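Trainee: no sequence for this one, just the structure:
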């Protein structure tokens, strides 16, 4: 009869347990999702602006540029005493998600190439536009569609989208190559009144939470709206959407920033990220809408009570920025960056 050495038995059991653990770990690894994206694939982990050139107008700091000579008039016309509003959040409003959703082409949903029928066809990119089965359309009257192809760094945006059987009808549409700084042709709209891309100016949950960890900022300007604009546009906009001529009204594309002396101490860390962003990168007037409404993506992880803190900030805390020193002709490239 063979006598077993107790040390040999112990080693045997250790090897067997180690092998079992290795198998279990490999199974967990195989089953784990390959992406850090949240379950709702309509949101990107980082901002759309992160895919764009470093000198893109959305990404350049404007905290050292001079104040626009018409700043006081612009602020007064929009409302110096009006509170700011973050036009995104969790849950729904009037049956729709709160904010402008981004649909990401992630390879998990079938995609159909569609040639939309545009109301403003002479100012729209014909396409085709890749339409996935999980397409998300903004609620309300604007019905924006934003489709991001992160692999190809392409952005597809449409306004007033109306699915119609096998095709789509829409007010207007624009396609942006995110590796380039090409503007729209002069006088052309986009899916936004100012002729700008929408997605780079949206506040997204994950990018904001990443910035909270470092007490940083979003790294890009934010899109916003006002009710009354002038019938002119300034760089980087290419289009106006008004018949009003008063020089007290802001032109499309006008950049604003939070004043340097505004204290952010008594705000939550999340709101402080937005406030730091508005001091360094500012916000760009992109469409007619409600006064001082800043845009972002809907996400069930937003804390709406926290977002409502932003209403304590008043229009008087802002100033219009003179960007002439960094403007480029027919390009989103900012000179000097």
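Mentor: Ah, there it is. All values derive from a computational prediction rather than experimental measurement.
Trainee: the residue nearest to residue 51 when sequence neighbours are not counted: what's it in contact with?
Mentor: The shortest distance from residue 51 to any non-neighbouring residue, by C-beta to C-beta, 6 or more residues apart in numbering, is to residue 178 (4.5 Å). The way it works is simple: take the backbone N, C-alpha and C, and place the C-beta from them, glycine included. Residues in contact with residue 178 (C-beta atoms under 8 Å, 6 or more residues apart in numbering) are 48, 51-52, 153-155.
Trainee: for residue 295, pull up the helix or strand it's in.
Mentor: strand 293-295 (DSSP states H and E).
Trainee: the helix or strand just after that strand packs against which elements?
Mentor: Using DSSP H and E, the helix or strand that follows strand 293-295 in sequence is helix 304-307. Applying 3 or more C-beta pairs under 8 Å, 6 or more residues apart in numbering; DSSP states H and E, we find helix 304-307 packed against helix 269-280.
Trainee: quick check: residue 73 vs residue 289, distance?
Mentor: Relative to residue 289, residue 73 is positioned 20 Å away (C-beta to C-beta, to the nearest Å).
Trainee: my bad, should have said residue 315
Mentor: Relative to residue 289, and taking C-beta to C-beta, residue 315 is found at 15 Å.
Trainee: hey, what's residue 233 bridged with?
Mentor: Taking DSSP bridges as the rule, residue 233 bridges to residue 252.
Trainee: that one contacts residue 250, doesn't it?
Mentor: No - the pair residue 233 / residue 250 is not scored as a contact, 10.2 Å apart, by C-beta atoms under 8 Å.
Trainee: if you rank the contacts of residue 178 by neighbours, which is first?
Mentor: In terms of neighbour count, residue 48 stands highest of the contacts of residue 178 at 27 neighbours, by other C-beta atoms under 10 Å.
Trainee: surely it and residue 147 touch.
Mentor: No - taking C-beta under 8 Å as the definition, residue 48 is not a contact partner of residue 147, at 11.1 Å.
Trainee: identify the contacts common to these two.
Mentor: 102, 155.
Trainee: possible to save the contacts of residue 178 as CSV with distance to residue 166 and pLDDT?
Mentor: As requested, those are exported to CSV (distance: C-beta to C-beta, whole Å; pLDDT from 0 to 100):
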residue, distance to residue 166, pLDDT
48, 29, 95
51, 31, 96
52, 33, 97
153, 28, 97
154, 23, 98
155, 24, 98
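Trainee: which pair in those spans the largest distance?
Mentor: Spanning the widest gap among those are 52 and 154, at 11.9 Å by C-beta to C-beta.
Trainee: and residue 174, what does it touch?
Mentor: By C-beta under 8 Å, 6+ apart, the neighbours of residue 174 are 124-125, 156-158, 184, 189-191, 195, 197.
Trainee: could you rerun that using 10 Å?
Mentor: Shown in contact with residue 174 (C-beta atoms under 10 Å, 6 or more residues apart in numbering): 123-125, 155-159, 184, 188-192, 195-198.
Trainee: and if you look at residue 227?
Mentor: Taking C-beta under 10 Å, 6+ apart, one finds 77-79, 249, 288-293 in contact with residue 227.
Trainee: which members of those are the farthest-apart pair?
Mentor: 249 and 293 (16.6 Å).
Trainee: between these two, which has more neighbouring residues?
Mentor: Of the pair residue 249 and residue 293, residue 249 is the one with more neighbours under other C-beta under 10 Å, namely 21 against 17.
Trainee: can you tell me the closest non-neighbouring residue to the more buried one?
Mentor: Per C-beta to C-beta, 6+ apart, closest to residue 249 is residue 230, 4.1 Å.
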